[in-house]
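Enquirer: Everything below, folded, please.
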Amino acid sequence: MKLTTLQIENLYKFTRQHYVYHYDVQTELVDHLANDIESIWEETPNLTFEQARDKSFKKFGIFGFMDVIEAKQKQMNKRYWNILLRFVKEWFTMPKLLTTILLFLGIYLVLQVQYSKFIILGSLLLAIIFESVYLYKDRQAQKKKTEKKEKIFLLEAMIGQTKGGFVSIAFVNIFNFIHVTKVEFSSLETHWLLLIAFCTTVVMIMFYVSSYVIPNKCQELLQETYPEYKLAKSL
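Expert: You can find the predicted model right below:
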């Protein structure tokens, strides 16, 4: 006995009611539940759809779908980092390597200027304020999508949620570290200045990639990750 279209729709609603908000995770669970319900009906055909569904759901244990959600989040988090590193690596190959070298040299020269600490603190403060406003607007847009119950894929949500977020935290921590320490960068030895300049260059590239490059390529990345993405969005 096969499930009807209405019963499949019911399973989607059922997964959402149990805190599964991303369409790709819902689809995977619905497929699993549908196959299991059909197997249950073969053994006990007298059960109603709801009874068979609840029996299948009990197999997930007391935490329901939470273990599946966590596993999918870990899997997609790994994929996101691979995507991030892929784009970051491009900045160390031609022709972007020239821009990276110029950025590195610019930071290195600024560090040698007397009172460079205040220049860096001011730049970090502006970046933190700008990024906070940007992230707030983006969170509001994501919230509206959720309220409208649009089909949101896990990677899509992750791109929106991590848009510069982890780098912004790094900016705040660097700001606090520089603020509380009394180190004058211009007095440091050359090897320390080179190391600081290199680390700052990498952080700035990661910030740019996570905040602008990946979001701008979001549709392309989603189609690459989910073959069904275009079809799902058109429904």
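
Enquirer: Tell me where this protein has strands.
Expert: Counting by DSSP state E, the chain has no strands to list.

Enquirer: residue ranges with poor pLDDT in it?
Expert: 142, 145-149, 163-183, 233-235 (pLDDT under 70).

Enquirer: Now do the residue nearest to the spatial centre of it against I8, distance only.
Expert: For the chain, the residue nearest the mean C-alpha position is M158 (2.6 Å; CA atoms, centre = their mean). M158 sits 26 Å away from I8, going by CB to CB, to the nearest Å. Glycine gets a C-beta too; all of them are placed from N, C-alpha and C.

Enquirer: got it, and K59?
Expert: Counting by CB to CB - K59 and I8 are separated by 19 Å.

Enquirer: So if I had to pick from the two, which one is more boxed in?
Expert: I8 (14 against 10; other CB atoms under 10 Å).

Enquirer: Surely the more buried one is in contact with N35?
Expert: No. The pair I8 / N35 is not scored as a contact, 11.7 Å apart, by CB atoms under 8 Å.

Enquirer: Got the domain ranges for the protein?
Expert: 5-64, 73-234 (automatic domain parsing).

Enquirer: distance of L84 from I205?
Expert: 10 Å.

Enquirer: Neighbour count for the two, which is higher?
Expert: Remark: of L84 and I205, I205 carries more neighbours, 22 against 18, as counted by other CB under 10 Å.

Enquirer: Ramachandran angles for the closest residue to that one other than its chain neighbours?
Expert: What sits nearest to I205 in space, not counting adjacent residues and going by CB to CB, 6 or more residues apart in numbering, is W91, at 4.9 Å. W91 adopts backbone torsions of phi -80, psi -10, taken as degrees, to the nearest 10.

Enquirer: what sits against the residue of the chain positioned farthest from its centre?
Expert: No residue in the chain sits farther from the centre than N46, which is 44.7 Å out by CA atoms, centre = their mean. Residues near N46 by CB atoms under 8 Å, 6 or more residues apart in numbering: none.

Enquirer: Would you state the helices of the chain in chain order?
Expert: Along the chain, counting by DSSP state H, helices occupy 5-17, 23-43, 49-58, 66-90, 96-112, 116-147, 154-161, 165-180, 190-208, 214-216, 218-225, 229-234.

Enquirer: Most tightly packed of these?
Expert: Counting by mean count of other CB atoms under 10 Å, helix 154-161 has the highest mean neighbour count of those, with a mean of 20.

Enquirer: can you list contacts of it?
Expert: 21-22, 24-25, 72-73, 76-77, 79-80, 138-139, 141-142, 214-215, 218, 221-222, 225-226.

Enquirer: hmm, 10 Å instead?
Expert: 21-26, 69, 72-73, 75-77, 79-80, 83-84, 135, 138-139, 141-142, 145-146, 150, 152-153, 210, 214-215, 217-219, 221-222, 224-226, 229, 233 (CB atoms under 10 Å, 6 or more residues apart in numbering).

Enquirer: Over to stretch 60-80?
Expert: 14-15, 18-22, 24-26, 28-29, 32-33, 57-58, 153-159, 161-162, 210, 214, 221, 225.

Enquirer: Distance from that stretch to the middle of the chain?
Expert: Relative to the mean C-alpha coordinate of its chain, stretch 60-80 is positioned 15 Å out (CA atoms, centre = their mean, to the nearest Å).

Enquirer: Over to stretch 95-113?
Expert: For stretch 95-113, the distance to the chain centre is 28 Å (CA atoms, centre = their mean).

Enquirer: Name the residues that touch stretch 85-105?
Expert: Contacts for stretch 85-105 (CB under 10 Å, 6+ apart): 194, 197-198, 200-202, 204-206, 208-210, 213-214, 217.
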